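Trainee: give me coordinates for this.
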Amino acid sequence: MTAPIARPAGDPARRLLVVEDDPDNSSLLQTYFTAHGYAVDVATRGLEGLEMARRGSYDLVVLDVNLPEMDGFTVFRALRASPRTSPLPVIFLTERASQGDRLAGLSLGAHDYVVKPYDLEEFRLRVQAAILRAARDNLLDPRSGLPTGRLVDEQIRQVQDRPGWQVLECRLQSFRPFIDLNGFAAGDEVLKATAGLLRRVLDEAGTPEDLIGHPANDTFVVLTGAPDPAALAERLAAEFNQAIQAHYSFFDVEQGYVVIRDADGRETQAPLMTLQVTRKE
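Mentor: The predicted model follows:
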């Protein structure tokens, strides 16, 4: 059964991943940030945190240095080594107060380094600042949370040099009529939900290194090393075309189109949105 695109109404604007083996501290952070409008997931081991970061859609990772089995510095290096997780901002959290440890964390490229015990309000402001700085530096589209602009162009150039990799262009057909009828806020919901659907399908049918970009308003790109990109493209289109119906009224779905009225009251028919997926040369 095809999973529907969930409407993001009421969804917290930001998602955090807390990688922390101390249950008291992770529970404190989860409770506090949830109360301030964040969605917070918790991992208690480094490898678990890596897997969640690769499969999820997070705005920031709070990473404890003193993790069992795989310490935070090792986790951080693995995050940065993968194109899929390299743009993620990371704040190290640790009981180590020495200048050397702090410099070691920052030299790796972390956005911040916070020593326990800490003030929760100050910590929240640090998280907020790190997310905003990462969005600016990484050129992320605020609606989908995906790379855009120059960052997408760079990723495409890198992939085109890798044997077996393909670039799939995913264009929303009839997106403009949907906005004309429902407004820009509804259009932003579609973009955010589409990004989520693309991530989910890639997690299930792609590879851990696959990337998604949002280079234009109605266009996404999928950079994939999947062994059968044609089958992946077909699945992306089929699941979108089924799931997008949740964003239309029952009457619109039944008739298969929407009616748009211009400023003079003239009516035109526009088809429901579909996703056209083509291989980009």
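
Trainee: these two touch, right, Ile179 and Ala185?
Mentor: No. In terms of Cβ atoms under 8 Å, Ile179 does not count as a neighbour of Ala185; the distance is 9.5 Å. C-betas here are computed from N, CA, C, even on glycine.

Trainee: who has more neighbours, those two?
Mentor: Using other Cβ atoms under 10 Å, the more surrounded residue of Ile179 and Ala185 is Ile179, with 17 against 9.

Trainee: which SS state does that one fall under?
Mentor: Taking DSSP: H, G, I helix; E, B strand; the rest coil as the rule, one finds Ile179 in the helix state.

Trainee: now do the contacts for the closest residue to it other than its chain neighbours.
Mentor: Spatial nearest neighbour of Ile179, excluding adjacent residues (Cβ to Cβ, 6 or more residues apart in numbering): Gly187 at 4.2 Å. By Cβ atoms under 8 Å, 6 or more residues apart in numbering, the contact list for Gly187 reads Phe175, Phe178, Ile179.

Trainee: could those residues go into TSV alongside pLDDT?
Mentor: Listed next are the contacts of Gly187 as TSV, based on pLDDT from 0 to 100:
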residue	pLDDT
Phe175	95
Phe178	93
Ile179	92
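
Trainee: which helix or which strand is home to the residue nearest to Ile179?
Mentor: Here Gly187, judged by DSSP states H and E, is contained in helix 184-205.

Trainee: can you list the buried residues in that helix?
Mentor: Buried residues in helix 184-205, counted by 16 or more other Cβ atoms under 10 Å: 187, 189-199, 201-202, 205.

Trainee: ditto for stretch 166-184
Mentor: Applying a neighbour-count criterion of 16+ other Cβ under 10 Å, one finds 166-170, 172, 174-175, 177-179, 181-182 buried in stretch 166-184.

Trainee: and that stretch, C-alpha only, in CSV?
Mentor: What follows is stretch 166-184, C-alpha atoms only, in CSV (Å, rounded to 0.1, in the frame of the first residue of the first chain):
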residue,chain,number,x,y,z
GLN,A,166,22.4,8.9,-12.6
VAL,A,167,20.7,12.3,-12.2
LEU,A,168,16.9,12.1,-12.2
GLU,A,169,15.0,15.4,-12.8
CYS,A,170,11.6,15.4,-11.0
ARG,A,171,9.3,18.1,-12.2
LEU,A,172,5.9,18.9,-10.6
GLN,A,173,3.4,19.2,-13.4
SER,A,174,0.4,21.5,-12.9
PHE,A,175,2.0,23.0,-9.8
ARG,A,176,1.1,26.6,-10.8
PRO,A,177,-2.6,25.9,-11.1
PHE,A,178,-2.6,24.3,-7.7
ILE,A,179,-1.0,27.5,-6.2
ASP,A,180,-3.5,29.7,-8.1
LEU,A,181,-6.3,27.7,-6.6
ASN,A,182,-5.0,27.1,-3.0
GLY,A,183,-2.4,29.7,-2.4
PHE,A,184,1.4,29.8,-1.7
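
Trainee: from Pro229, how far out is Leu236?
Mentor: 10 Å (Cβ to Cβ, to the nearest Å).

Trainee: then Gly37?
Mentor: 38 Å.

Trainee: can you check Tyr257 too?
Mentor: To Pro229, Tyr257 is 31 Å away according to Cβ to Cβ.

Trainee: more crowded one of those two?
Mentor: When neighbours are counted by other Cβ under 10 Å, Tyr257 and Pro229 differ, and Pro229 comes out ahead with 19 against 15.

Trainee: how about the more buried one: what's its closest non-neighbour residue?
Mentor: Gln166 (4.2 Å).

Trainee: and the host helix or strand of Val61, how far out from the chain middle?
Mentor: Secondary-structure assignment from DSSP H and E places Val61 in strand 60-64. Here strand 60-64 shows a centroid-to-chain-centroid distance of 16 Å under the convention Cα atoms, centre = their mean, to the nearest Å.
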